[in-house]
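> Sequence and predicted model, in that order:
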Amino acid sequence: MTNPIVRFAPSPTGYLHVGNVRTALINWLFAKGQGGTFILRIDDTDLERSTAAYEQGIRDDLTWLGLSWGDTFKQSERFAQYDAAADKLRDMGLLYACYETAEELDRQRKLQRARGKPPIYNRAGLDLTDEEKAAYEAEGRKPHWRFKLSGERVVWNDLVRGEQAIETGSLSDPVLIRADGSYLYTLPSCVDDIDAGITHVVRGEDHVTNSGAQIEIFKALGGRAPEMAHTPLLVGADGASLSKRLGSLGMGELRKQGIEPLAICSLLAKLGTSDNVEIRESLDQLAEEFEFAKIGRAPARFDEADLKSLNAALTHTMSFEQAEARLAAIDPKAASETFWTLVRENCQTVEDAARFVPVAFGEITPVIEDEDRDFITAAAKLLPEGEMTADTWSDWTAALKAETGRKGKGLFMPLRKALTGMERGPSVGDMLVLMGRARALKRLG
Ligand code: GLU
């Protein structure tokens, strides 16, 4: 295979959410794994709904995720190319003017349904004479333009779904240009894919039907249709469609929750595939493991709980260098390698480390049960003098055991609660070294 060229083509009418990030990621991993090129195309032909802020948001999110692009362009810069392609189709008799209003089309469809017929456009536009067209224009109507489908069976070997066939005879000729002259997505996408030399169109399965018409457009414009891969959509953990909240779960929100890009990518790359959903070391590793053949046909179940547990797994082994800037943002004192290495296994996110900052470097409220008062007083007396070291804890607890006869949980838990204010957390002995003798003594009352 020659090096593939793929594209991710979001519309800047909103921010990226988990669904379209998955499409971006699959494109990226495929390109990376095959030494190909990943292009970012901004589908902003809908000039009214597209905004510069959304476009920037998309670029920022992809950058945050590590999904870098080799080239990027916007559809709004390419209207001249779309006009030329439309002219070409007109000359071939494959793009024809239609004058029906939305209400007229609606009435037609209702009538067809009432007669038990499929609501397919009746192609009245194809038979209009020049006089009839002139009469419509004189009424003030402007034409919209439809692509004339062949009526044949369009077949392709989808890299995810296997052999696909779309009977174009059962479809309405798609509108390519609206009456106000604006382009729907169908034609510009084909023109761009041809001009950019796209070898593989990889997108969600909601585009399968579009592919029938688009393959005919590719051929009409003289290009060969790219390979196609349509991935099953994401659904919620219960198998129902993604809830509105999850469906629009944006990268900004996940970032705020302390979710790591690699946790998102590991989950979205493996969901609905034959590989285990596990955290991976890097995007490169995900790319090496990527194969279309591993993607199943069933909808992929997206569960936020999986994301959280992958994120925790990633956090537990995260290097200090990776966490440092965010630890510093919590508290300059937290930007310490010793501290991070000690607490990370108790953190679901880097920001969770904040819980342990007062234990190590500040003030906490010690928890001392009434029945442990005397024990804690004894502990305070036996706390070794001098600097707290790696041996202090074992020396201290051995002495305490000998003195009080306590052992196991009865010995350790009261110390943990008094020194850290918590029942669970990192090793108390190691925390003791960090907090130092004066803080420890104060907590032991
Ligand atoms: N802008 C289109 C979408 O977001 C692109 C579809 C495609 O990849 O062809 O659905």
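Looks like it came in fine. Numbers count the residues shown, from 1 in each chain.
> C-alpha from now on. contacts and neighbour counts both.
OK.
> hey, which helix or strand in the protein has the poorest pLDDT?
The weakest-scoring helix or strand in the chain, judged by mean pLDDT, DSSP states H and E, is helix 244-247 (a mean of 70).
> what's that helix in contact with?
For helix 244-247, the external contacting residues (Cα atoms under 8 Å, 6 or more residues apart in numbering) are 17-19, 236.
> can you tell me the helix or strand for the residue of the stretch 151-300 of the chain found nearest the ligand?
Here the stretch 151-300 of the chain gets closest to the ligand at one residue, R203, 5.0 Å apart by Cα to the nearest ligand atom. Assigned by DSSP states H and E, R203 belongs to strand 200-204.
> Which residues does that strand contact?
Strand 200-204 is contacted by residues 4-7, 23, 26-27, 226-233 when judged by Cα under 8 Å, 6+ apart.
> Looking at those residues, which is nearest E288?
Within the contacts of strand 200-204, the smallest distance to E288 is 12.0 Å, found for I26 (Cα to Cα).
> per-residue pLDDT, that closest one?
We have a pLDDT of 98 for I26.
> residues touching it, list them.
By Cα under 8 Å, 6+ apart, the residues touching I26 are 202, 269.
> Tell me where this structure is predicted with low confidence.
Applying pLDDT under 70 to the chain picks out residues 1, 247.
> What values do phi and psi take at the residue lying closest to A325 once chain neighbours are set aside?
The shortest distance from A325 to any non-neighbouring residue, by Cα to Cα, 6 or more residues apart in numbering, is to A335 (7.4 Å). When read as degrees, to the nearest 10, the backbone of A335 gives phi -80, psi 60.
> Could you identify the helix or strand that succeeds the least confident helix or strand of the chain?
Sequence-wise, the next helix or strand downstream of helix 244-247 (DSSP H and E) is helix 251-256.
> So what's the gap between that following helix and the chain middle?
In terms of Cα atoms, centre = their mean, to the nearest Å, the centre of helix 251-256 is found 11 Å from the chain centre.
> could you dump it to PDB, C-alpha only?
Presented in PDB, the C-alpha positions along helix 251-256 are these (Å, rounded to 0.1, in the frame of the first residue of the first chain):
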ATOM      1  CA  MET A 251     -12.400  17.800  25.900                       C
ATOM      2  CA  GLY A 252     -12.500  21.000  28.000                       C
ATOM      3  CA  GLU A 253     -14.700  19.400  30.600                       C
ATOM      4  CA  LEU A 254     -12.600  16.200  30.600                       C
ATOM      5  CA  ARG A 255      -9.400  18.300  31.000                       C
ATOM      6  CA  LYS A 256     -11.000  20.100  33.900                       C
END
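> which residues are contacting that helix?
Contact with helix 251-256 is made by 16-18, 61, as judged by Cα under 8 Å, 6+ apart.
> Include secondary structure, neighbour count and distance to D331 when you put those into JSON lines, please.
Shown next, in JSON lines, are the contacts of helix 251-256 (DSSP: H, G, I helix; E, B strand; the rest coil; neighbours: other Cα atoms under 10 Å; distance: Cα to Cα, whole Å):
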{"residue": "L16", "secondary structure": "coil", "neighbour count": "26", "distance to D331": "31"}
{"residue": "H17", "secondary structure": "strand", "neighbour count": "19", "distance to D331": "31"}
{"residue": "V18", "secondary structure": "helix", "neighbour count": "20", "distance to D331": "31"}
{"residue": "D61", "secondary structure": "helix", "neighbour count": "21", "distance to D331": "26"}
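> Relative to the ligand, which of the residues you listed is nearest.
The shortest approach to the ligand among the contacts of helix 251-256 belongs to L16, at 10.1 Å (Cα to the nearest ligand atom).
> who are the neighbours in contact with that closest one?
Here L16 is in contact with 57-58, 61, 248, 250-251 (Cα under 8 Å, 6+ apart).
> Which single one of these is nearest to T397?
Comparing these against T397 with Cα to Cα places M251 closest, at 47.1 Å.
> now H230, what's its secondary structure?
Three-state call for H230 (DSSP: H, G, I helix; E, B strand; the rest coil): strand.
> Give me the neighbour count for it.
H230: 23 surrounding residues under other Cα atoms under 10 Å.
> Which neighbouring residues are in contact with it, exactly?
H230 makes contact with 158-161, 202-205, 207-208, according to Cα under 8 Å, 6+ apart.
> ok, 10 Å please
For H230, the contact set (Cα atoms under 10 Å, 6 or more residues apart in numbering) comprises 23, 158-162, 201-208, 211, 292, 295, 297.
> Equivalent analysis for M318, please.
So M318 contacts 312, 340-341, 344-345, 350 (Cα under 10 Å, 6+ apart).
> Please convert the buried members of these into ChimeraX selection syntax.
Those of the contacts of M318 that count as buried under 16 or more other Cα atoms under 10 Å are selected in ChimeraX with:
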select :312,340,344,345,350
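> so which of the contacts of M318 are also by the ligand?
Applying Cα under 6 Å from any ligand atom, the subset of the contacts of M318 adjacent to the ligand is empty.
> okay if I get the contacts of M318 as TSV plus secondary structure and distance to L444?
What follows is those, written out as TSV (DSSP: H, G, I helix; E, B strand; the rest coil; distance: Cα to Cα, whole Å):
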residue	secondary structure	distance to L444
A312	helix	32
W340	helix	25
T341	helix	25
R344	helix	26
E345	helix	26
V350	helix	29
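> Of the contacts of M318, just say which sits nearest to S68.
Nearest to S68 among the contacts of M318, with distances taken as Cα to Cα, is V350, at 24.2 Å.
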